[in-house]
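Trainee: got a predicted structure plus its sequence, pasted below:
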Amino acid sequence: MSARPSESLLRPGAAGWELWKFPPKGAPAVEMDPTPKAIASAPQLLLALPTRDILAVPLWISAQGDARELAKAQGTL
């Protein structure tokens, strides 16, 4: 049985985008201002956008889309 793939979280940080990787074994690691290639290589990626609204609507985003463009469209950048 193979190990579960790493899960990743992409979120805006104080100094730019942060890509957090949560490996099945080991401590979480952060990559500051990741490249599009690093983002695309994440087997499971969660995009976290901060909001002041109480209501949050989950969105499905195509794997071919650019998460940064979505963030700009939402006005978080």
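Mentor: Looks like it came in fine. Residues are numbered from 1 along each chain as shown.

Trainee: residue 20 is in what secondary structure piece?
Mentor: Secondary structure assigned from DSSP states H and E places residue 20 in strand 16-22.

Trainee: list the buried residues of that strand.
Mentor: Residues of strand 16-22 classed as buried under the neighbour-count rule (16 or more other C-beta atoms under 10 Å) are 17-21. In this view, the C-beta of every residue, glycine as well, is placed from N, C-alpha and C.

Trainee: out of those residues, who's nearest residue 72?
Mentor: The shortest approach to residue 72 among the buried residues of strand 16-22 belongs to residue 17, at 11.8 Å (C-beta to C-beta).

Trainee: not counting its neighbours along the chain, what's nearest that closest one?
Mentor: residue 33 (5.6 Å; C-beta to C-beta, 6 or more residues apart in numbering).

Trainee: pretty sure the one you found is touching residue 16, no?
Mentor: Yes - with contacts defined as C-beta atoms under 8 Å, residue 33 counts as touching residue 16 at a distance of 4.2 Å.

Trainee: show me what counts as buried in the strand or helix carrying residue 12.
Mentor: Under the criterion of DSSP H and E, residue 12 resides in strand 7-13. Of the residues in strand 7-13, those buried under the neighbour-count criterion (16+ other C-beta under 10 Å) are 7-12.
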